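Q: Sequence and predicted structure below; questions after.
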Amino acid sequence: MSILYRSDAARAAGWASYFARHAPDLDFRIWPHAGDLKEVEYLIAWQAPPEFLTELPNLKVLFSSGAGIDHVDLSAVPAHIPLVRMVEPGIINGMVEYVSLAVLALHRDFFDYVAQKAAGVWNPLEVPPASARTIGVMGMGSLGCAVLERLAAFGFRLRGWNRSPRAMDGVEIFAGADQLQPFLEGCDVLVCLLPLTPATHGILDREVFSVLPKGAALINVGRGPHLVDADLLAALDSGHLSHAVLDVTDPEPLPSGHPFWAHPRVFVTPHVASMTQPETAAPILLENIRRHQRGEALQGRIDPARGY
Ligand code: GLV
């Protein structure tokens, strides 16, 4: 029984050592040392090009090594092969840290103080309480809910927008396309944690920005293609939006010369908000393999029709 790991090389050793210790019955292979591809039954991958998938005639499950599955062409995966995304505490904690950091930096004007410091300016800005700010999270999956839960501890006002309604204590819930506008109208900081699907592609556009209150800020930790770059630049340059914190761009890496690099109110990080951690992800993935072997339902299975 073989598993092939075809993802981030730096973390491959962590995965291999976990499987060697806890599942010696499984033959764990690391790309490009894949051996006979006909023996591969489980694939852990970030990219899974269609032509590569056709070389795995005995594939039983495709596991994404990341939280998203949008980088896999779902139409190239035979219908009988379950697709599983990565839901693990390491990714969740990383995302909670990053979004908390970005929200607090915006709330406490750190980006303005970075500019003031560079200019040698001593200018204390007002310090409103967290309860005076509303943070809105688009996408209430495991990441969005964990982020909201942690932000609650700071005392922010919270709202969440989701495709289908989802209850959460202390969070004002909005659901579906009809409630997007009322959701946005109250967000001082908008956090995008949506999956990337045809329905959410380009969702962060001029219409959305125009409904946000003046001075609102955007944090995009979803995917680059959620955002219409030109619409963000226009909203920042007109003064309607104050700041954007972008961990994802389209394309990645962000090309040199792209206006985001030099923009004083756009903060870019190179898709590092959160990463799968082998120590916490490998046990969850192994448990899923065992479930599959016992004929039980897999956790984190995605619905190809929905795309997440
Ligand atoms: C990273 O973006 C992931 O999907 O895990």
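A: Nice, I can see it.
Q: Look through the stretch 1-150 of the chain and state the residue closest to the ligand.
A: Here the stretch 1-150 of the chain gets closest to the ligand at one residue, Gly66, 2.7 Å apart by CB to the nearest ligand atom. Using the backbone N, CA and C atoms, a C-beta is placed for each residue, glycine as well.
Q: any idea which helix or strand carries that residue?
A: Secondary structure from DSSP states H and E places Gly66 outside every helix and strand.
Q: and it, what does it touch?
A: Counting by CB atoms under 8 Å, 6 or more residues apart in numbering, Gly66 touches Trp46, Arg85, Met86, Ile91, Thr276.
Q: possible to save those residues as CSV with neighbour count?
A: Written out in CSV, the entries for those read as follows (neighbours: other CB atoms under 10 Å):
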residue, neighbour count
Trp46, 15
Arg85, 23
Met86, 20
Ile91, 23
Thr276, 25
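Q: Among those residues, which ones are in helices?
A: Residues from those lying in helices, with DSSP state H as the criterion: Ile91.
Q: Check the contacts of Gly66 one by one and keep those near the ligand.
A: Checked against the ligand using CB under 6 Å from any ligand atom, those yield the following neighbours: Ile91, Thr276.
Q: Pull the most distant pair out of the contacts of Gly66.
A: By the measure CB to CB, those have their two most distant members at Trp46 and Ile91, which lie 13.0 Å apart.
Q: and the gap between Val211 and the ligand?
A: For Val211, the distance to the ligand under the criterion CB to the nearest ligand atom, to the nearest Å works out to 27 Å.
Q: show me where the stretch 51-200 of the chain has strands.
A: For the stretch 51-200 of the chain, the strands identified by DSSP state E, counting those that start in this stretch occupy 61-64, 83-84, 134-138, 157-162, 172-175, 189-192, in order along the chain.
Q: what about the last one, near the ligand?
A: No: Strand 189-192 does not reach the ligand (CB under 6 Å from any ligand atom); its nearest approach is 12.5 Å.
Q: from the chain's centre, how far out does stretch 243-258 sit?
A: 15 Å (CA atoms, centre = their mean, to the nearest Å).
Q: Now it: buried residues?
A: Of the residues in stretch 243-258, those buried by neighbour count under the rule 16 or more other CB atoms under 10 Å are His243, Ala244, Val245, Leu246, Asp247, Val248, Thr249, Leu254.
Q: Make JSON lines from those residues and add secondary structure to it.
A: Converted to JSON lines, these look like this (DSSP: H, G, I helix; E, B strand; the rest coil):
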{"residue": "His243", "secondary structure": "strand"}
{"residue": "Ala244", "secondary structure": "strand"}
{"residue": "Val245", "secondary structure": "strand"}
{"residue": "Leu246", "secondary structure": "strand"}
{"residue": "Asp247", "secondary structure": "coil"}
{"residue": "Val248", "secondary structure": "coil"}
{"residue": "Thr249", "secondary structure": "coil"}
{"residue": "Leu254", "secondary structure": "coil"}
